[in-house]
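> Give me coordinates for this.
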Amino acid sequence: MLRGGAECWSSRAVGTLEFGSREPMVAWLGVQMLGGMHFSKHVSSICNIGMRCSGSKRFSIRSSLHVENGGVREEKPQLYGPELQGFADRVAACNGGKARSSEFVPFKVEEYTVGYIHYRLVQRLKQFSDVFLTEGDEDLRRVPANSTPSYVTLNLNLSTPEMRTEAVGGILKTLRDEGLIRGWRNELYPVVLTYGERPFLLIERAAAKLFGIRAYGVHMNGYVTIDGEKHLWVAKRSDTKSTYAGRLDHIVAGGQPEGISCKENVIKECDEEAGIPRELAKKAVAVGAVSYDEIHDDCYSRDVLFCYDLELPVDFQPYNKDGEVQSFERTPVSEAVKIIRDTEEYKPNCALVVIDFFIRHGYITPEQKGYLHLIRSLRSGEIL
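Here you go, the predicted structure:
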């Protein structure tokens, strides 16, 4: 055993060399030598060029190289300790599919990229040539690889947001009738580069993922404090919901449509989803945002969730009005920590907002390995 970062074991002489960011040249030289030297020789060589093989404090362990039969395989560094790994897994579940990003074509309006559309849907949109135009059609017959990607845009005659909304809306209804758009909501989302800007157009909420536009929502943590311990009100989604039926959810959450502020949307959702009266709902505090990018099937989710906290009276009992929740349960935060860390019972994007709550309220701390990585991962998508 060479304590400075090299280790040998078993009769097959499988080795591991670990390098830190403060030894970039040593690490590079080590990789070069591993390619053709016997393990004992390259350990010796690395020591000769200055890396101490025992008691070394000159570098921190960041990544590993595994050597087997003359070959080199890099092992990803372990970013999280066991206390935080489960939370990292919940975050990763909302950021999957990135390897398929080349299958998506930029959607541009006024030369700005506002979304991403799967190339299969692009083929269908090309049939509506009075509304949708494509550039580089030859690339759309295959998955774009190393070539400059093609893009989809709107007919320049559609020069106002109102004209674009009407024209695209008619096509979306056709796609709905063909079964390409499911879960129609009759709720319009703004197509923007940055939240709060005048939208280029409005599109049906159910089509947001198909067009890969940046979508926004509001999620509220409702909690009470009993004998110094915080408890979260946790909703259980109706078994008849078209998505994530029966999963755990926030006491209040909803998409952010056009024409209403986030705060007013929270107040509206408080009434509809949990029976929280307006005067109490107005006390909800904006505490930040989380974001994620996920590719699933032919959809590209690029979501930003505005986070709110509301401390509720101990004797308050939520009740649902819109039929989307089957029950509410008051859960100690210490128990909610275990549920999210160890299970997949929560609706995936809700888990991110609750993890953010755990961090802000001190249930996840800097002493736990991966703390800063976890904080950063909660904003994996662009927040614009």
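> Show me how this structure divides into domains.
When the chain is parsed into structural domains using automatic domain parsing, the resulting residue ranges are 6-75, 82-97+214-377, 100-211.
> can I get those domains in TSV with mean neighbour count?
Every C-beta, even on glycine, is put in place using the N, C-alpha and C of the backbone. Putting the domains of the chain into TSV (neighbours: other C-beta atoms under 10 Å) gives the following:
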stretch	mean neighbour count
domain 6-75	15
domain 82-97+214-377	18
domain 100-211	16
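> Quick one, which of those gets closest to Leu384.
Of all those, it is domain 100-211 that lies closest to Leu384, at 4.7 Å by C-beta to C-beta.
> Over the closest one, what's the mean pLDDT, rounded is fine.
For domain 100-211, mean pLDDT rounds to 89.
> can you check stretch 351-361 too?
Rounded mean pLDDT across stretch 351-361 is 99.
> CA atoms only for that stretch, dumped as CSV, please.
Output of stretch 351-361 as CSV, limited to C-alpha atoms (Å, rounded to 0.1, in the frame of the first residue of the first chain):
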residue,chain,number,x,y,z
ALA,A,351,-38.2,16.9,-4.4
LEU,A,352,-35.8,19.6,-5.7
VAL,A,353,-37.7,22.4,-4.0
VAL,A,354,-37.9,20.4,-0.7
ILE,A,355,-34.2,19.7,-0.8
ASP,A,356,-33.7,23.4,-1.2
PHE,A,357,-35.9,23.9,1.9
PHE,A,358,-33.7,21.4,3.8
ILE,A,359,-30.6,23.4,2.9
ARG,A,360,-32.0,26.8,3.8
HIS,A,361,-33.4,25.5,7.1
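> who does the closest residue to Ile251 other than its chain neighbours bridge with?
Excluding its sequence neighbours, the residue lying closest to Ile251 (C-beta to C-beta, 6 or more residues apart in numbering) is Gly222, at 3.8 Å. Residues found in beta-bridge contact with Gly222 (criterion: DSSP bridges) are Leu310.
> contacting residues around Gly222?
Contact partners of Gly222, counting by C-beta atoms under 8 Å, 6 or more residues apart in numbering, are Leu232, Trp233, His250, Ile251, Val252, Ala274, Ile276, Leu310, Leu312, Pro318.
> repeat for Glu135
Applying C-beta under 8 Å, 6+ apart to Glu135 gives the contacts Ser150, Tyr151, Thr153.
> Could you find the closest non-adjacent residue to Ile355?
With C-beta to C-beta, 6+ apart as the measure, Phe87 is the residue that lies nearest to Ile355, at 5.2 Å, once sequence neighbours are left out.
> ok, now Ala289?
Leaving aside its chain neighbours, Ala289 sits nearest to Phe306 (5.2 Å; criterion: C-beta to C-beta, 6+ apart).
> average model confidence for whichever strand or helix holds that neighbour?
With elements taken from DSSP states H and E, the one containing Phe306 is strand 299-311. Confidence for strand 299-311, expressed as mean pLDDT, is 98.
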